[in-house]
Structure formats: C-alpha cells, structure tokens
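Student: predicted coordinates and the sequence they were generated for:
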Amino acid sequence: MARCGKCGGRKRWWRRTCSRCRTGYDRAETAADAGGYVADAAELGVFRMIGHALAGFGRLIARILN
C-alpha cells in the first residue's frame, strides 16, 4: 500500500487519488491541458504543416512508383 503525500492516508497505487483528500492524478486537468495544446498547435498552423508534409511524401512515393 502507498501513502498519500498530503494527508498520510493509505491508497492502493501511487498513481491513484487519495480517497480521503482526493489529491493526485486528475483526468479533468489532464484533458484541459491537452485541449490547450491542441488549440496552440492549431494557432501555429502545425496541422497545416503536417498536411503539407504528408502530401509531399505521397507525391514522392507516386514519383518513385511511376
């Protein structure tokens, strides 16, 4: 058994939240952070660059096969 770093309560795994104080791994915060990263990538045009790279790779393969 692991112990909570905040309240000292026993918990099953180190990645789980403590049942007494609910500190630890939080899916909602992780999802919000991931959403922020996707929004930042969209603003920077990363998806457009990935699309151009895939199209260029496809053209390269087509040239090789012809």
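Tutor: Everything's here; your move. Numbers count the residues shown, from 1 in each chain.
Student: only C-alpha atoms from now on, for both contacts and neighbour counts.
Tutor: Fine.
Student: ok, which stretches of this protein are helices?
Tutor: Assigned by DSSP state H, the chain shows helices spanning 27-44, 46-65.
Student: out of these, flag the one nearest A2.
Tutor: Smallest distance to A2 across the helices of the chain (C-alpha to C-alpha): 20.1 Å, for helix 27-44.
Student: going by mean pLDDT, which of the helices of the chain comes out lowest?
Tutor: Averaging pLDDT over each of those singles out helix 27-44 as the lowest, with a mean of 75.
Student: packing partners of it?
Tutor: Helix 27-44 sits against no helix or strand, with contacts defined as 3 or more C-alpha pairs under 8 Å, 6 or more residues apart in numbering; DSSP states H and E.
Student: Serialize the helices of the chain to TSV and add fields for mean neighbour count.
Tutor: Shown next, in TSV, are the helices of the chain (neighbours: other C-alpha atoms under 10 Å):
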stretch	mean neighbour count
helix 27-44	11
helix 46-65	11
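Student: figure out which of these is closest to G8.
Tutor: Here helix 27-44 is closest among these (C-alpha to C-alpha), at 22.0 Å.
Student: hey, what's the angle from that closest one to helix 46-65? Just curious.
Tutor: Angle of helix 27-44 versus helix 46-65, following axes from the mean of the first three to the mean of the last three C-alpha atoms, to 10 degrees, is 70 degrees.
Student: return the distance of helix 27-44 from the chain's centre.
Tutor: 8 Å (C-alpha atoms, centre = their mean, to the nearest Å).
Student: swap in stretch 48-56?
Tutor: That offset, for stretch 48-56, works out to 22 Å (C-alpha atoms, centre = their mean).
Student: which ones are touching M49?
Tutor: With contacts defined as C-alpha atoms under 8 Å, 6 or more residues apart in numbering, M49 has no neighbours.
Student: on that earlier part again, in a markdown table: the helices of the chain, plus distance to G9.
Tutor: A markdown table is the format used below for the helices of the chain (distance: least, C-alpha to C-alpha, whole Å):
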| stretch | distance to G9 |
| --- | --- |
| helix 27-44 | 21 |
| helix 46-65 | 44 |
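Student: select, out of these, the one closest to C7.
Tutor: Using C-alpha to C-alpha, the nearest of these to C7 is helix 27-44, at 20.6 Å.
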